[in-house]
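> here is a sequence with its predicted model. Questions after.
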Amino acid sequence: MHWRTLITGLVLLLLSVQAHAERTPDDFVVISYHDVVDRQVTPNLPIYPQTITRARLVEHFNLIDAEGYQPVSFQQILDARNGGAPLPDKAVLLTFDDGYSSFYDIVFPLLKLYDFPAVQAVVGSWLDVPAGGQVPYGSITLPRSRFLSWDQVRELDESPLVEIASHTFDLHQGVIGNPQGNEQGAAVTTIWNRQTGYESEAAYTARIRNDMARTREQFEEHLGREPRMMVWPYGAYSQAALDLAAEVGMRYTFSLLSSPNRSGESLASIHRYLIDQETSLETLGEILANNVWEKESLRIVHVDLDYVFDPDPVQQEQNLDRLIQRIYSYGITTVYLQAFADPDGDGVANELYFPNRHLPVRADLFNRVAWQLKKRAGVKVYAWMPVLSFDLGDDHRYVLNDRTGGEAPEHYRRLTPFDADNRRIINEIYQDLGRMTKFDGVLFHDDAFLTDHEDASPAALSAYQNAGLPGDIDALQQDALITRWTDFKEQYLADFTQELFNSANYYRQSDNKAFTSSRNIYATTIMNPESQQWFSQSPEGFARAYDYVAVMAMPYMEEADDDPDGWLRELARRSLASVSAQQLVFELQTQDWRTQTPIPSEEIAEWIRILREEGIQHIGYYPDDFHENHPNIDVIRPYFSQGQRFRKLP
């Protein structure tokens with residue numbers, strides 16, 4: 001597959017024209033064009049994804065002009081942010097990627113005609129190809145004449161209408177990102193080599209740093225200045241890449257996150273809408289006016305990689321294909337994908353499904369499955385990860401219960417979060433997850449709890465004392481202190497998960513989707529507020545800390561056998577009293593683990609109907625057994641499938 005085809009799915013599915021939405025002062029929309037062809041001059045010129053005709057570009061420019069949108073330069077945006085002249089109403093920044101010669105031949109004359117400023121992003125290694133040579137372009141090559149020359153770049157850069165940005169020196173390509181051979185963006189991928197294995201963290205960082213330095217040297221040599229803008233190939237970047245670009249002066253970068261840029265937001269990663277020949281005038285009008293829509297509710301399938309894994313690689317690929325086909329045909333938005341191995345079902349990670357520094361790898365599988373789900377099924381993928389329940393062996397410090405003086409056998413084995421070495425190790429596991437795999441968010445497992453008799457480890461007692469609390473569990477359980485102690489533990493766990501979120505995000509590919517967090521919460525903390533002390537959890541605290549609060553809405557796990565429907569209704573009402581519908585996720589059970597039997601699909605469908613009736617917008621279930629078609633997709637789809645319902649972006 002040509003690498004450019006991997007980003008065609010970024011073009012938004014939009015509704016018909018809506019009335020223009022009110023735009024806020026100093027906001028601006030950025031649109032991204034690529035190559036432009038003139039069919040009257042070169043009717044037989046091969047075109048590729050994101051190419052647009054001159055006639056369509058003129059239509060776009062006419063719309064921008066007629067509707068009162070104001071193309072601005074990047075300097076105007078900076079000046080407005082720094083207290084200078086404010087941006088005009090309905091500001092638009094035009095960008096063109098890849099450094100095609102059509103920008104000089106076709107676009108530049110139009111910019112002068114309309115008096116529109118623009119940014120052109122060039123790939124350094126392509127510019128260095130000698131005249132008459134071939135430019136590597138994914139799996140093919142293109143004639144050097146399809147791209148700008150340095151003389152043309154200099155002329156463009158001298159114009160007050162054009163600023164030249166970097167599109168990296170040599171990162172505009174796909175590289176092999178896992179043993180299964182998936183191609184992923186070079187700027188954000190740890191390269192897999194069949195002979196040597198994975199590129200090390202140090203080697204990855206050196207490769208990106210060297211590329212940033214080379215593009216700076218090129219600009220200094222040919223333009224007499226350093227670049228200040230980086231336009232990420234395929235819109236893919238990471239926090240690590242942002243840091244490395246900033247090291248060489250490129251503090252302003254551009255992604256392909258399809259949303260407006262709001263006043264006061266950082267310019268470290270500027271959002272853009274991807275435009276191509278199929279972008280109609282109606283669609284462009286919606287983008288410019290911020291009348292862009294997305295699916296209004298989440299439909300989530302919780303997938304165990306243990307169901308995909310098989311020692312036989314042929315069978316494993318068949319399992320993956322079956323999963324992808326099911327998800328694709330289901331009409332869902334999101335997959336919560338297990339990133340840790342738990343074949344015995346005890347909820348504790350002894351192995352992981354991605355390369356890392358601290359635990360054995362059962363199979364290097366998470367990246368492969370997540371990438372296939374994203375690209376073939378078109379869903380968001382969350383990495384479902386433990387917070388504390390990693391079994392690192394008996395020489396590490398675990399959560400202790402004051403009643404026994406040891407670990408509580410009725411609960412998950414959990415590393416104490418108050419131990420500095422434990423926190424370092426868990427952070428490194430999450431950082432490895434972000435560096436080695438591609439995903440859109442994190443679902444924190446239900447293991448991040450501390451009971452009203454935990455944690456009694458020495459490190460925990462010391463932390464309580466440092467926070468001005470007694471270092472004695474009996475004293476902490478007194479009525480005058482137990483609420484303060486519970487609040488302290490809840491906030492400590494929330495702060496720790498934020499650390500892990502940042503660690504996972506540091507090397508993680510950021511492209512067309514924001515990175516979001518979700519955390520499981522026990523239903524009993526909502527149905528019985530006194531139980532919040534038993535877990536150090538509260539729905540209000542979760543709502544402050546995470547994008548989504550994932551309520552474990554599992555009637556039979558909570559022994560609500562007499563009236564599971566009524567229990568779900570009450571849980572929905574109480575949850576909505578504490579957390580907004582936009583943040584709530586309800587996770588249903590498809591298995592009765594007490595009897596190890598599947599719950600009838602008809603009953604699950606009725607639960608979904610009830611939740612929707614009560615106002616729950618985001619609904620998921622666990623687990624999905626795609627081998628046995630449970631839940632039955634034909635029974636569930638009419639109630640569960642997202643369909644084509646949309647909402648306007650905020």
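Perfect, thanks for sending it. Model, not experiment: these values are computed from the prediction. Numbering: from 1, shown residues only.
> tell me where the stretch 1-150 of the chain has helices.
54-66, 74-81, 102, 108-114, 124-127, 150-158 (DSSP state H, counting those that start in this stretch).
> before we move on, what SS does residue 384 have?
strand (DSSP: H, G, I helix; E, B strand; the rest coil).
> for residue 611, see how far away it is.
To residue 611, residue 384 is 21 Å away according to Cβ to Cβ, to the nearest Å. Every residue, glycine included, has its C-beta placed from N, CA and C.
> what's the nearest residue to the residue most central in space within the chain if we skip its chain neighbours?
The centre of the chain sits closest to residue 440, judged by Cα atoms, centre = their mean, with a distance of 2.5 Å. Counting by Cβ to Cβ, 6 or more residues apart in numbering, residue 440 lies nearest to residue 380, which is 4.3 Å off, once chain neighbours are set aside.
> and the one you found, what are its bridge partners?
Taking DSSP bridges as the rule, residue 380 bridges to residue 334.
> correct me if wrong: it contacts residue 333.
Yes. Using Cβ atoms under 8 Å, residue 380 is in contact with residue 333, at 6.4 Å.
> right, and the residue nearest to the centre of the chain touches residue 515 too?
Yes. The pair residue 440 and residue 515 qualifies as a contact (Cβ under 8 Å) at a distance of 6.7 Å.
> most tightly surrounded among the helices of the stretch 1-150 of the chain?
helix 102 (a mean of 26; mean count of other Cβ atoms under 10 Å).
> other residues contacting that one?
If you take Cβ atoms under 8 Å, 6 or more residues apart in numbering as the criterion, helix 102 is touched by 35, 36, 37.
> now rank these by neighbours and give me the top one.
Highest neighbour count within these, by other Cβ atoms under 10 Å: residue 35, with 25 neighbours.
> list the contacts for that one?
So residue 35 contacts 47, 48, 50, 51, 52, 98, 100, 102, 146 (Cβ under 8 Å, 6+ apart).
> nearest to residue 549 among those?
Closest approach to residue 549 among these (Cβ to Cβ): residue 50, at 38.2 Å.
> tell me the pLDDT at that closest one?
Listed pLDDT for residue 50 reads 82.
> burial count for it?
Quick note: residue 50 (other Cβ under 10 Å) scores 22 neighbours.
> any idea how far residue 476 is from the nearest residue to it once chain neighbours are set aside?
Counting by Cβ to Cβ, 6+ apart, the nearest residue to residue 50 once its immediate chain neighbours are dropped is residue 34, at 4.0 Å. Distance, residue 34 to residue 476, by Cβ to Cβ: 61 Å.
> go on, residue 324?
Counting by Cβ to Cβ, the gap from residue 324 to residue 476 is 50 Å.
> more crowded one of those two?
residue 476 (23 against 18).
> quick check: phi and psi at that one.
Here is the backbone geometry of residue 476 (degrees, to the nearest 10): phi -70, psi -20.
> please name the nearest non-neighbouring residue to it.
Nearest to residue 476 is residue 485, by Cβ to Cβ, 6+ apart, at 4.4 Å.
> residue 427 too?
Leaving aside its chain neighbours, residue 427 sits nearest to residue 503 (4.5 Å; criterion: Cβ to Cβ, 6+ apart).
> about what we covered before: and the residue nearest to residue 440, what is it in contact with?
333, 334, 335, 374, 440, 441, 513 are the contacts of residue 380 under Cβ under 8 Å, 6+ apart.
> ok, residue 384 next?
Taking Cβ under 8 Å, 6+ apart as the test, what residue 384 contacts is 302, 336, 337, 338, 339, 340, 443, 445.
> neighbours around the fourth one, how many?
Taking other Cβ under 10 Å as the neighbour definition, residue 338 ends up with a count of 27.
> tell me which strands and helices the helix or strand hosting residue 307 is in contact with?
Per DSSP states H and E: residue 307 is located in helix 305-308. Identification of packing neighbours for helix 305-308 by 3 or more Cβ pairs under 8 Å, 6 or more residues apart in numbering; DSSP states H and E yields helix 313-330, strand 334-338, helix 366-372.
> quick one, phi psi at residue 343?
phi -60, psi -30.
> that one: neighbour count?
Neighbour number of residue 343 under other Cβ under 10 Å is 11.
> which residue is the nearest non-sequential neighbour of it?
In this structure, residue 343 finds its nearest non-sequential neighbour in residue 306, 5.3 Å apart by Cβ to Cβ, 6+ apart.
> residues near the one you found, how many?
Using other Cβ under 10 Å, residue 306 is surrounded by 17 other residues.
> hmm, it is touching residue 339, no?
No. Judged on Cβ under 8 Å, residue 306 makes no contact with residue 339 at a distance of 11.3 Å.
> which regions of the stretch 401-550 of the chain sit below the pLDDT cut-off?
For the stretch 401-550 of the chain, the stretches with pLDDT under 70 are 511-513.
> distance of residue 452 relative to residue 533?
5 Å.
> any residues in contact with both of these two?
In contact with both residue 452 and residue 533: 482, 486, using Cβ under 8 Å, 6+ apart.
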